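Colleague: pasting a predicted model and its sequence here:
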Amino acid sequence: MPEQSVVPIDQILPNKLPLVALMGRPIFPGIFTPIMIGNPADVKVIDDAVAGDGLIGLVMLLNETESPGIGDLHKMGTAAKIVKKINLPDGGVNIFISTLKRFKIKKTLHAANPIVAAVEYMEDEEDDTSEVKALTRALISEMKQISENNPLFSEEMRLNMINIDHPGKIADFIASILNIDKAEQQKILEILNVRKRMEQVLVFIKKEQELLRIQKKIQKEINEKIEKSQRDYFLKEELKAIKGELGMTTDAKSSDYQRFKEKLESFKFEGEIKETVEQELEKFSLMEPNSAEFIVTRNYLDMIAVLPWKDPEPEVFDLKNAQTILESEHYGLKDVKGRIMEYLAVRKLRKDTKGSIICLVGPPGVGKTSVGKSIARAMGKQFFRFSVGGMRDEAEIKGHRRTYIGAMPGKIIQGLKIVKAKDPVFMIDEIDKMGASFQGDPASALLEVLDPEQNFAFRDHYLDLPFDISHVFFIVTANTLDTIPPPLLDRMEIIQLPGYIDAEKLEIARRYLVPKSLEKNGLKKNQVKYTKDSLLHIAGAYAREAGVRNFEKNLDKIHRKLAKQIVESDEAAAAASSQTMPSASRVSSEPAAAAPEAAPLSSAKPAASAAKETAQAAPPSAKPADASPKRPLIQFTIDKKLIEKHLGKPIFPEGDIKKADRPGMSVGLAWTSMGGDTLVIEATSLPGKEGLTLTGKMGDTMKESAAIAMTVARKLAVERYHVAQDWFDLNHIHLHIPEGATPKDGPSAGITMATALLSLLREKVITDKLVMTGELSLTGQVLPIGGLKEKTIAARRNKARHIIMPKQNGRDLDDIPDYVKKGIEFHPVERFEEVLALALPD
């Protein structure tokens with residue numbers, strides 16, 4: 001720190017001075033301080049000055065530069081007397097100077113090396129007022145506060161500051177020791193008016209005090225934290241010592257280590273698993289709990305410790321009991337239940353749980369997930385379900401590597417951790433809706449999971465140890481097999497779940513859906529009664545899809561509205577009761593006929609109204625005045641009228657049966673992921689250029705079928721039905737499938753389109769209540785199709801009585817239950833001529 005100069009000015013200052021450029025801060029007059037000079041040009045200036053009168057001028061640079069000239073300097077500087085010079089080993093000098101007076105550069109005498117200038121010495125503008133005195137006291141007082149809180153201010157500096165008798169010199173001295181920017185210091189140096197200079201210095205003192213206050217606050221907070229951490233440390237050490245004396249575990253880390261060690265040793269690992277676990281345990285014991293790797297290792301060991309490594313007990317389940325559970329929880333599905341029972345019988349006979357992978361395929365809402373739950377119950381096993389629909393990252397199946405932040409195992413290992421069993425039933429839903437992305441292909445990851453030859457040593461990326469998942473009974477579900485990769489499909493046993501006909505929906509609703517929906521909506525079983533016709537009306541008019549999910553939604557909608565009616569009725573009765581209670585003694589003497597008559601709740605509940613009237617007709621004296629009467633249970637009988645009141649107009653009116661009632665129309669059967677469906681094919685002609693227009697959003701396969709159908713129909717029309725050849729040259733044919741917004745594709749509409757075209761050409765309507773399915777070749781052969789069971793159910797919903805089908809699909813008729821085939825006549829055909837004989841008989 002600079003000190004106040006005590007060197008008297010015993011000589012007249014010269015008008016020209018050699019100048020030394022200052023790269024740091026400016027130096028104020030009246031200061032005694034050392035300066036280090038390293039620039040050879042400046043060292044020469046110092047040497048020449050020492051040889052002469054010892055006077056130099058100190059001026060701060062405008063901008064730092066290696067070879068400064070007069071133009072690089074500020075205009076105001078300080079004259080100084082060199083008191084002592086010390087030569088340094090590196091060629092520089094260390095000088096002690098006593099600064100004397102401000103000067104202003106008037107004229108350049110030598111621009112560089114050395115810089116010499118004519119100068120004018122500046123006097124302070126004195127302002128001897130009480131304001132200056134007050135400022136002087138304020139400066140000294142404020143600086144005392146700063147110096148007391150700052151150890152860098154020595155006692156000598158404090159004394160110097162007090163002993164200075166000139167206000168301007170006090171301001172200069174304080175400005176030289178304050179920690180302010182050098183540009184601000186230069187501005188203070190250039191202020192000649194003493195009062196203004198002191199005011200400016202006082203502003204910087206206040207800023208310094210604010211900084212010191214903030215610094216003190218921060219220092220206090222840091223000290224408090226340090227003290228708390230030290231206190232916590234000592235308390236923990238004391239607690240550790242106490243626990244040691246009591247024979248208890250000393251810390252959480254030791255507790256975890258002991259727990260992991262005991263648990264992992266109980267598994268009796270061998271080979272790679274044993275070696276890896278021992279290495280991780282040793283690493284865990286050497287880690288500091290505060291390190292980032294500690295949590296990663298702890299979570300890893302915890303995952304290994306909670307997984308079910310021990311082999312499961314032999315399976316013990318009763319086949320008869322399994323059959324009872326399946327029958328009690330699912331109506332129909334006779335062939336599905338039979339397949340499942342056969343599967344369970346083989347497992348019991350072989351006493352082997354490996355290689356168990358079933359794929360349940362069917363439309364939405366047919367009960368695939370509930371069948372999986374029933375299988376788990378029948379076998380007495382834990383059940384875990386997860387969906388892979390829309391999954392695009394293989395890490396969801398095989399986990400993340402532990403090198404990533406937030407890494408976790410895949411769904412398979414997570415499921416085993418949750419169920420805590422090595423042989424649970426795993427259901428993988430929506431396997432046909434998986435995707436692929438740059439993050440990998442989950443379907444490919446499932447190949448190892450579902451392969452009995454590989455999954456005995458499944459290696460999750462997170463676990464990175466072989467884990468036997470061959471004991472897991474995998475059940476996967478899908479709506480269609482088309483989007484499942486063939487290698488994955490090859491590893492599964494396929495069980496088809498077709499849709500339900502109306503009779504099956506009726507029984508399912510009676511046994512399962514109605515009781516479930518009543519309970520969900522807070523209604524009692526004896527409050528709502530459905531007639532057979534009402535349930536069939538819901539199935540046929542509002543829920544005609546293959547499954548029963550929409551059926552259940554419609555029941556819920558009805559029951560919510562009934563629940564609202566009941567609550568409103570109860571609230572109205574309670575309000576009426578509260579109004580009549582105060583006058584109970586007066587009413588008791590009046591005749592019973594004076595009681596008001598209750599308004600009926602609904603035309604569907606006459607029993608409720610009668611009960612309420614009876615309750616009101618009874619004399620009030622029969623009960624104490626403070627007793628609330630028990631309201632009768634409101635009952636509903638649901639008929640078609642009430643259904644349409646709550647559900648609105650039918651979505652599928654009774655007359656909404658797809659039929660061909662004019663020439664150029666035929667009805668075909670189609671298979672979709674939602675189940676079977678019926679399609680109407682429409683054909684018409686108009687005069688114009690020869691050609692065929694196809695509309696109805698047909699796919700490429702269906703367009704090819706239409707082209708083949710046109711060729712076959714045209715050939716038969718000319719050769720067999722004697723349609724003139726030039727008719728085709730003069731007419732344009734348009735073939736359309738209604739519901740144009742729905743994409744349609746598949747190889748089973750060939751005979752349907754050809755029949756529609758011949759119906760148009762012969763101007764004849766096809767046989768009533770006849771539907772058909774089958775692909776057509778150019779030679780007139782009827783080729784086999786798929787999904788006959790679903791198509792038959794769709795035909796039954798459409799009130800069809802005759803189904804034309806390929807003869808090669810005759811073997812599929814055995815898979816269709818008799819109650820589905822009842823009332824339908826099947827016509828297997830090999831040639832298209834047989835189709836015409838049935839659909840358009842001569």
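Modeller: Ah, there it is. Residues are numbered from 1 along each chain as shown.
Colleague: buried residues in stretch 488-501?
Modeller: Applying a neighbour-count criterion of 16 or more other C-beta atoms under 10 Å, one finds L488, L489, R491, M492, I495, Q496, L497, P498, G499, Y500, I501 buried in stretch 488-501. Quick note: C-beta positions are derived from backbone N, CA and C, even for glycine.
Colleague: alpha carbons of that stretch, in CSV - could you do that?
Modeller: Taking C-alpha atoms only, stretch 488-501 is exported to CSV below (Å, rounded to 0.1, in the frame of the first residue of the first chain):
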residue,chain,number,x,y,z
LEU,A,488,-40.8,-63.9,-33.9
LEU,A,489,-44.1,-65.6,-35.0
ASP,A,490,-42.2,-68.9,-35.5
ARG,A,491,-41.4,-69.0,-31.7
MET,A,492,-45.0,-68.9,-30.6
GLU,A,493,-48.0,-71.2,-30.3
ILE,A,494,-50.9,-69.4,-32.1
ILE,A,495,-54.4,-69.5,-30.5
GLN,A,496,-57.1,-67.6,-32.4
LEU,A,497,-59.9,-65.8,-30.4
PRO,A,498,-62.7,-65.0,-32.9
GLY,A,499,-65.4,-62.5,-32.2
TYR,A,500,-68.7,-63.3,-30.5
ILE,A,501,-72.2,-63.7,-32.0
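Colleague: where do the helices of the stretch 1-150 of the chain begin and end?
Modeller: Using DSSP state H, counting those that start in this stretch, the helices of the stretch 1-150 of the chain run over 40-51, 130-149.
Colleague: can you flag the weakest of those by average pLDDT?
Modeller: Comparing mean pLDDT across the helices of the stretch 1-150 of the chain, the lowest value falls on helix 130-149: a mean of 76.
Colleague: before we move on, back to that, which of the buried residues of stretch 488-501 fall in strands?
Modeller: Of the positions in the buried residues of stretch 488-501, I495, Q496 sit in strands, assigned by DSSP state E.
Colleague: do you know the pLDDT at P582?
Modeller: pLDDT recorded at P582 is 52.
Colleague: need the helices of the stretch 1-150 of the chain in TSV with mean neighbour count and distance to K107, can you?
Modeller: Shown next, in TSV, are the helices of the stretch 1-150 of the chain (neighbours: other C-beta atoms under 10 Å; distance: least, C-beta to C-beta, whole Å):
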stretch	mean neighbour count	distance to K107
helix 40-51	16	18
helix 130-149	15	34
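Colleague: and of the ones you listed, who's closest to P363?
Modeller: Among those, the nearest to P363 by C-beta to C-beta is helix 130-149 (82.7 Å).
Colleague: so which elements touch the closest one?
Modeller: With contacts defined as 3 or more C-beta pairs under 8 Å, 6 or more residues apart in numbering; DSSP states H and E, helix 130-149 has these neighbours: helix 155-163, helix 167-177, helix 194-246.
Colleague: which ones are touching I226?
Modeller: If you count contacts by C-beta atoms under 8 Å, 6 or more residues apart in numbering, I226 has none.
Colleague: thought L450 was touching R491?
Modeller: Yes. Using C-beta atoms under 8 Å, L450 is in contact with R491, at 4.7 Å.
Colleague: between those two, which contacts overlap?
Modeller: Common contacts of L450 and R491, defined by C-beta under 8 Å, 6+ apart, comprise I357.
Colleague: picking that back up, of all the helices and strands packed on helix 130-149, which one is nearest K807?
Modeller: Ranking the helices and strands packed on helix 130-149 by proximity to K807 (C-beta to C-beta) places helix 194-246 first, at 85.3 Å.
Colleague: what's L694 sitting at in phi/psi?
Modeller: phi -120, psi 130 (degrees, to the nearest 10).
Colleague: let me fix that, I meant to ask about F652.
Modeller: Taking degrees, to the nearest 10 as the convention, F652 sits at phi -120, psi 90.
Colleague: that one: neighbouring residues, count only.
Modeller: Other residues near F652 come to 14 when the count uses other C-beta atoms under 10 Å.
Colleague: just V119 next, same as before
Modeller: Burial of V119 is recorded as 25 neighbouring residues (other C-beta under 10 Å).
Colleague: what pairs with the single longest strand found in the chain, and is each one parallel or antiparallel?
Modeller: Across the chain, the longest stretch assigned as strand under DSSP E is strand 93-110. With DSSP bridges as the test, strand 93-110 is paired with strand 31-37 (antiparallel), strand 76-87 (antiparallel), strand 115-121 (antiparallel).
Colleague: run the chain-centre distance for the longest one.
Modeller: Same thing as strand 76-87. Relative to its chain's centre, strand 76-87 lies at 73 Å (C-alpha atoms, centre = their mean, to the nearest Å).
Colleague: thinking again about what came up before, turn the helices of the stretch 1-150 of the chain into a markdown table, columns for distance to K217.
Modeller: A markdown table is the format used below for the helices of the stretch 1-150 of the chain (distance: least, C-beta to C-beta, whole Å):
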| stretch | distance to K217 |
| --- | --- |
| helix 40-51 | 43 |
| helix 130-149 | 12 |
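Colleague: K228: which of those is closest?
Modeller: Evaluated over those, closeness to K228 peaks at helix 130-149, with 24.4 Å, by C-beta to C-beta.
Colleague: with only the CA atoms kept, save the closest one in PDB.
Modeller: Extracted as PDB, the C-alpha positions of helix 130-149 are listed here (Å, rounded to 0.1, in the frame of the first residue of the first chain):
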ATOM      1  CA  SER A 130     -17.800  24.300   6.200                       C
ATOM      2  CA  GLU A 131     -19.000  21.900   3.600                       C
ATOM      3  CA  VAL A 132     -15.300  20.900   2.800                       C
ATOM      4  CA  LYS A 133     -14.700  20.400   6.500                       C
ATOM      5  CA  ALA A 134     -17.700  18.200   6.800                       C
ATOM      6  CA  LEU A 135     -16.600  16.200   3.800                       C
ATOM      7  CA  THR A 136     -13.200  15.800   5.300                       C
ATOM      8  CA  ARG A 137     -14.700  14.400   8.600                       C
ATOM      9  CA  ALA A 138     -17.000  12.100   6.600                       C
ATOM     10  CA  LEU A 139     -14.100  10.700   4.500                       C
ATOM     11  CA  ILE A 140     -12.000  10.000   7.600                       C
ATOM     12  CA  SER A 141     -15.000   8.500   9.500                       C
ATOM     13  CA  GLU A 142     -16.100   6.200   6.600                       C
ATOM     14  CA  MET A 143     -12.500   5.100   5.900                       C
ATOM     15  CA  LYS A 144     -12.100   4.100   9.600                       C
ATOM     16  CA  GLN A 145     -15.000   1.800   9.200                       C
ATOM     17  CA  ILE A 146     -13.500   0.200   6.100                       C
ATOM     18  CA  SER A 147     -10.000   0.000   7.700                       C
ATOM     19  CA  GLU A 148     -11.400  -1.700  10.800                       C
ATOM     20  CA  ASN A 149     -13.000  -4.500   8.700                       C
END
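Colleague: what ranges does the stretch 651-800 of the chain have for its strands?
Modeller: 665-672, 675-687, 691-695, 731-736, 770-772, 775-776, 782-783 (DSSP state E, counting those that start in this stretch).
Colleague: tell me the most buried of those strands?
Modeller: Highest mean neighbour count among the strands of the stretch 651-800 of the chain (mean count of other C-beta atoms under 10 Å): strand 770-772, with a mean of 28.
Colleague: for that one, give me every contacting residue.
Modeller: So strand 770-772 is in contact with 666-669, 678, 751-752, 755, 795, 798, 800-805, 835, 838-839, going by C-beta under 8 Å, 6+ apart.
Colleague: cutoff 10 Å now
Modeller: Applying C-beta atoms under 10 Å, 6 or more residues apart in numbering, the external contacts of strand 770-772 come out as 658-660, 666-669, 678-681, 748-752, 754-755, 766, 782, 791-792, 794-795, 798-806, 824-825, 827, 829, 835, 838-839.
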